[in-house]
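Novice: mind folding the following:
(4 chains)
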Protein chains: 2
Amino acid sequence: MAATTIKDVAREAKVSVASVSRAMNGGSGVTAETSLRIRQAAERLQYIPHAAARMLITRRTRTVGALLPDLYGEFFSELIRGIDLAARAHGLHLLVSSSHDGVEEAAAAVRSMQGRVDGLLILSERVDAAFLRANLPRDLPVVLLNSPVRNSGHAVLNVDNRGGAFAMVRHLIQAGHRNIAFISGPAGNFDSRQRLKGYRAAMARYAPDAPLTVLDGDFIEESGYRAGLQLAAMTPRPTAVFAANDMMAVGCLAAFKEAGLRVPEDIAVAGFDDIPIARYVNPPLTTVRVRIVDLGRSALEQLAELLQRPEPSSASAQTLGCEIVVRDSCGASVT
Amino acid sequence: MAATTIKDVAREAKVSVASVSRAMNGGSGVTAETSLRIRQAAERLQYIPHAAARMLITRRTRTVGALLPDLYGEFFSELIRGIDLAARAHGLHLLVSSSHDGVEEAAAAVRSMQGRVDGLLILSERVDAAFLRANLPRDLPVVLLNSPVRNSGHAVLNVDNRGGAFAMVRHLIQAGHRNIAFISGPAGNFDSRQRLKGYRAAMARYAPDAPLTVLDGDFIEESGYRAGLQLAAMTPRPTAVFAANDMMAVGCLAAFKEAGLRVPEDIAVAGFDDIPIARYVNPPLTTVRVRIVDLGRSALEQLAELLQRPEPSSASAQTLGCEIVVRDSCGASVT
DNA sequence: AGTTTGCATGAAAACGTTTACGTTGGCGCC
DNA sequence: GGCGCCAACGTAAACGTTTTCATGCAAACT
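Specialist: Residues are numbered from 1 along each chain as shown, chains lettered A, B, ... in the order given. Below you'll find the model as predicted:
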């Protein structure tokens, strides 16, 4: 049972394939009545245009690719949701490639997407300017998410990690804390570095004499848990800890619980991301909210824009704001 | 700058396009030396075969589609990870379509994927046998995840929800509980119903005289929270509560905390799914572990199998086992 | 040595669509 | 009434590949 093609429809409607094509797209160049007849014939035969044939001649796939790192938890799903939502609204398909460890694997991923997508959404620590130059055709629209890359000719969309972290630390200091520890994310990670910068900047600005304590983490709960155990054993113990993401903050809470520390009385805890579960942990987590769905959505919107306009040459760089969400874990009630 | 085509490579290597094609795929039918020469020429010109042209003639896209519901949190990301991992291993691309509310939207999604994919992975409550008949070509390989559909000619891969729930309730009963409440998922959800059945069956079997308490939930934390408040106010209060998923169990914990109930001393709590965060909530959550990554992986493996063999006509139905993970929230230490 | 076999290679058709171009016919204008 | 023009429609080329078939050539067999 061969699928019905445009020829079948043409025969059924007693017109040429050209007219069928015209009637199916836009419909200009055909009478309203023939157009109707054609569409009815198409309906009757359950005609679905062959995507590949269309791509071949049109040189457009109506598909965008998303290159994502090995992301865990809520962040990933929220991001995809945002992207997918916007993609659907634009009639675009979404080709996903996630969890590639090495830079070589990422390169293979973008190469294999070559020609299957009209544009690319890239969120990956490993991707830098050199990578882009080496692996991407100059004319492929690309939007970079949370990337340090600048002036590469590609659009960039960042979260205001630095600003969010800065605001959170300022909040903690204003709440009376001085000895504030920071649990960092992976060393190579851009978000992580920006959040660390925000922490440093706010400390320097509002509590210049206070000690800086930075513990290594990697965005996974486990590492937050380990950092928490370390913190619990310190003397003097910091009165507050700011984790570079919520996952680690949650791990940290577990460690404190185990160590017999009360939160926020003995030590305040703050996170970053406001993953949905943040308000259900015990105590509810003070954190910096990032509208992840919006991040995905705007990224795709921007890409869709690029697909339409032939690239305004000056690559835009947008930043998405964050807001502080105060809950019990940093002793809001005490303030 | 027109992309380099197979013709360019042919000219560069001084052979015909046919030989280039042969050299690039398999390489049978060409001398080792000419094959090498061709591949070098291709390398030199940075030749990447035009995917659409290949699809057109081959009638295969090397792409599979994943139709997913509006999934939240860890489950979604883990599932995608598993699917993506396996897809990469098989050299398949992954076209994702998630978060469609209505059945009509889902239908539109599968229709629009028509011809862009070789097979489909479907996880959606709204999809039943009628839907499949109406919207899918008879010969498109499909694997259904967690679907009640049977004998539709499609492969089905389910989680042993009933068995997992049964085992958990048995465990609670063996730990001395009798009055065990259950927080259900969405009424129409297949997993939810199966888990409820497991609860009922275990209660009937091991504690036939105990009261059955079923509270309505919808898999979201919020609903677990509400159910928790209800439970806290009951007299007599159940001594254990089994939530149909971890999210709701977490919401429940928050409610108990707020109501001043101690877990597990005053009331034991168990969940389902073992989302990564389950072990970091307070107290760590006893739950039923579902290897979600494996679920995604096996689903894709099965689909890939279908793509190879021309469908053995008898649609297989597999079930993926669960295991109980005992943590503090159900008073394991007491036992 | 002649015939057959087999293998490397090339020529060309085919996949299903869009679109540039040509053809037709009707209509208005002089 | 003839001319030109425009809209509707058809014809055919083009997109880049794979694959069938034909061709040539060398080795192997009789």
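Novice: make it CA atoms for all contacts and neighbour counts henceforth
Specialist: Will do.
Novice: residues from chain A in reach of DNA strand C?
Specialist: Residues of chain A lying near DNA strand C by CA under 7 Å from any atom of the strand: A:2-3, A:5-7, A:17-22, A:24-25, A:48-51, A:53-54, A:56-58.
Novice: restricted to helices, list the residues you listed.
Specialist: A:6-7, A:17-22, A:24, A:51, A:53-54, A:56-58 (DSSP state H).
Novice: show me what contacts the closest residue to A:S28 other than its chain neighbours?
Specialist: Spatial nearest neighbour of A:S28, chain neighbours left out: A:R22 (6.5 Å); criterion: CA to CA, 6 or more residues apart in numbering or on different chains. A:R22 makes contact with A:S28, A:G29, A:V30, according to CA atoms under 8 Å, 6 or more residues apart in numbering or on different chains.
Novice: chain A: strands as residue ranges?
Specialist: Along chain A, counting by DSSP state E, strands occupy A:63-67, A:93-97, A:119-122, A:142-145, A:155-159, A:180-183, A:213-215, A:240-243, A:268-270, A:287-289, A:317-320, A:323-325.
Novice: who does the last one touch, helix- and strand-wise?
Specialist: Put plainly, it is strand A:323-325. Helices and strands touching strand A:323-325, by 3 or more CA pairs under 8 Å, 6 or more residues apart in numbering or on different chains; DSSP states H and E, are helix A:161-174, strand A:287-289.
Novice: deepest-packed of those, please.
Specialist: Of the helices and strands packed on strand A:323-325, the one with the most neighbours on average (mean count of other CA atoms under 10 Å in any protein chain shown) is strand A:287-289, at a mean of 25.
Novice: may I have the helix or strand of chain A with the lowest mean pLDDT as PDB, with CA atoms only?
Specialist: Every helix and strand in chain A was compared by mean pLDDT, DSSP states H and E; the lowest is helix A:129-135, with a mean of 87. Taking C-alpha atoms only, helix A:129-135 is exported to PDB below (Å, rounded to 0.1, in the frame of the first residue of the first chain):
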ATOM      1  CA  ALA A 129      33.600  29.800  19.600                       C
ATOM      2  CA  ALA A 130      36.200  27.500  18.100                       C
ATOM      3  CA  PHE A 131      33.800  24.600  18.200                       C
ATOM      4  CA  LEU A 132      31.200  26.600  16.400                       C
ATOM      5  CA  ARG A 133      33.500  27.700  13.700                       C
ATOM      6  CA  ALA A 134      34.800  24.200  13.200                       C
ATOM      7  CA  ASN A 135      31.500  22.300  13.200                       C
END
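Novice: please pick the buried ones from the ones in helices among the residues of chain A next to DNA strand C.
Specialist: When those are checked for burial by 16 or more other CA atoms under 10 Å in any protein chain shown, the buried set is A:I6, A:V17, A:S19, A:V20, A:S21, A:M24, A:A51, A:A53, A:L56.
Novice: most widely separated two among those residues?
Specialist: Spatially, the most separated pair among these is A:S19 and A:L56, at 19.4 Å (CA to CA).
Novice: in chain A, where is pLDDT below threshold?
Specialist: Chain A contains residues with pLDDT under 70 at A:1-2, A:310-314, A:332-335.
Novice: if we go to 50?
Specialist: Within chain A, the stretches with pLDDT under 50 are A:334-335.
Novice: thinking again about what came up before, can you tell me which of the contacts of A:R22 has the most neighbours?
Specialist: With neighbours defined as other CA atoms under 10 Å in any protein chain shown, the most crowded of the contacts of A:R22 is A:V30; it has 14 neighbours.
Novice: give the contact list for it.
Specialist: Counting by CA under 8 Å, 6+ apart, A:V30 makes contact with A:S19, A:R22, A:A23.
Novice: and A:V64, how many neighbours does it have?
Specialist: By the criterion of other CA under 10 Å, A:V64 has 27 neighbours.
Novice: equivalent analysis for A:R178, please.
Specialist: When neighbours are counted by other CA under 10 Å, A:R178 registers 21.
Novice: how about the residues of chain A by DNA strand D?
Specialist: Counting by CA under 7 Å from any atom of the strand, the residues of chain A near DNA strand D are A:14-19, A:28-31, A:34-35, A:53, A:56-57.
Novice: just name the closest of the residues you listed to B:V290, please.
Specialist: Out of the residues of chain A next to DNA strand D, the member with the shortest distance to B:V290 (by CA to CA) is A:A53, at 41.7 Å.
Novice: tell me the contacts of that closest one?
Specialist: A:A53 neighbours (CA under 8 Å, 6+ apart): B:A52, B:A53, B:L56.
Novice: what does A:A52 give?
Specialist: Counted by CA under 8 Å, 6+ apart, A:A52 has contacts B:A52, B:A53, B:M55, B:L56, B:G115, B:R116.
Novice: partner residues bridging A:D273?
Specialist: A:R289 (DSSP bridges).
Novice: check contacts around it.
Specialist: The contact partners of A:D273, taken as CA under 8 Å, 6+ apart, are A:F75, A:N245, A:D246, A:T287, A:V288, A:R289, A:V290.
Novice: let me know the closest of the residues you listed to A:G163.
Specialist: The closest of the contacts of A:D273, once distances to A:G163 are taken by CA to CA, is A:V288, at 10.0 Å.
Novice: was I right about that closest one contacting A:A278?
Specialist: No: counting by CA atoms under 8 Å, A:V288 does not reach A:A278; the two are 10.4 Å apart.
Novice: sorry, back to before: tell me the one of the contacts of A:R22 nearest DNA strand D?
Specialist: Set against DNA strand D, the nearest of the contacts of A:R22 by CA to the nearest atom of the strand is A:V30 (3.3 Å).
Novice: what's the neighbour count on the residue in the stretch 201-335 of chain A positioned nearest to DNA strand C?
Specialist: When scored by CA to the nearest atom of the strand, the stretch 201-335 of chain A has A:Q308 as its residue closest to DNA strand C, at 14.4 Å. A:Q308 has 8 neighbouring residues, counting by other CA under 10 Å.
Novice: do A:R44 as well
Specialist: When neighbours are defined as other CA under 10 Å, A:R44 has 11 of them.
Novice: can you tell me how far it is from A:T34?
Specialist: Relative to A:T34, A:R44 is positioned 15 Å away (CA to CA, to the nearest Å).
Novice: please apply the same query to A:V293.
Specialist: Here A:V293 is placed at a distance of 44 Å from A:T34 (CA to CA).
Novice: who's more crowded, the two?
Specialist: Per other CA under 10 Å, whichever of A:V293 and A:T34 has more neighbours is A:V293, with 21 against 17.
Novice: identify the residue spatially nearest to the more buried one, adjacent ones excluded.
Specialist: Counting by CA to CA, 6+ apart, A:V293 lies nearest to A:G82, which is 4.2 Å off, once chain neighbours are set aside.
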